[in-house]
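>>> predicted model and sequence follow; I will ask about them next.
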Amino acid sequence: MSTDTPESAASPPTRTPSTPSRRTFIATTSAAGGVIAAGGLVAGPSLLGAQEAAAAEASPSSRVSLTVNGKKHTVTVDNRTSLLDLLREHLDLTGSKKGCNAGACGACTVLVDGRRVNSCLTLAVRLDGAEVTTVEGLARGERLHPLQQAFIDQDAFQCGYCTPGQIMSGVGCIQEGHTGSAAEIRESMSGNICRCGCYVKIVRAVEQASGRK
Ligand code: FES
Ligand code: FES
């Protein structure tokens, strides 16, 4: 039976005089202030000019043109900007709410080209040319959208934080025709969380606006 340990069994790495050890390689790289490029070559500051370094550090941004509530906007945003942040921070449309910022609560729901989306998960730069509708775009002057009126009639909110998202999701639910029954409405709006537990009245409001009640 062999008594070799894994270390003693492994053959030592062959190192030619020109091959640096791991220790000398790291020490040399750090001292030169350089970067390790593909293939193990070391590029010093002279190869990476200040301009290139600044460009590499700057966040990439893009211009995006989109129509929000019937009004066209062209803005330059960091490529990482979500539609929700574009609406709230660039366009001052704070009706859409940031709950989880992770696609789990539906407070940020808006319509993009007529379809419901979680705006916190949607990159603004992907929406060039899109039509966005937020809760601010539903009323016609002083006349509320039928679903907004139904939320009032049915007393379908308490704190109101989830309400803009619930209303936009309800509008999408009605437009998509998922209002055949209370169960279908509940299923269609299951991505919208209400911590106040107003679900029964929210469903009634959607039923009222869709003409089922
Ligand atoms: S804030 Fe977008 S899903 Fe919660
Ligand atoms: S009304 Fe408060 S979270 Fe829905």
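Alright, I've got the coordinates. Ligands and ions are numbered 1, 2, ... in the order given.

>>> for the chain, what lies in contact range of ligand 1?
By the criterion of CB under 6 Å from any ligand atom, the positions of the chain lying close to ligand 1 are Lys98, Gly99, Cys100, Asn101, Gly103, Ala104, Cys105, Gly106, Ala107, Cys108, Asn118, Cys120. The C-beta positions use only the backbone N, C-alpha and C, and glycine is treated the same way.

>>> quick check, stretch 89-107 touching ligand 2?
No - Stretch 89-107 lies out of reach of ligand 2 by CB under 6 Å from any ligand atom, never closer than 8.0 Å.

>>> low-confidence ranges, the protein, go.
Low-confidence segments of the chain (pLDDT under 70): 1-48, 54-56.

>>> quickly list the domain ranges of it.
Each structural domain of the chain that the record assigns through automatic domain parsing is listed here as a residue range: 58-137, 139-213.

>>> coming back round to it: which of the residues of the chain next to ligand 1 lies closest to Leu87?
Lowest distance from Leu87 to those (CB to CB) belongs to Cys108, with 8.6 Å.

>>> so that closest one touches Gly165, yeah?
Yes - between Cys108 and Gly165 a contact is recorded at 6.1 Å, counting by CB atoms under 8 Å.

>>> spell out which parts of this protein neighbour ligand 2.
Close to ligand 2, as judged by CB under 6 Å from any ligand atom, the chain has residues Phe157, Gln158, Cys159, Gly160, Tyr161, Cys162, Thr163, Cys194, Arg195, Cys196, Cys198.
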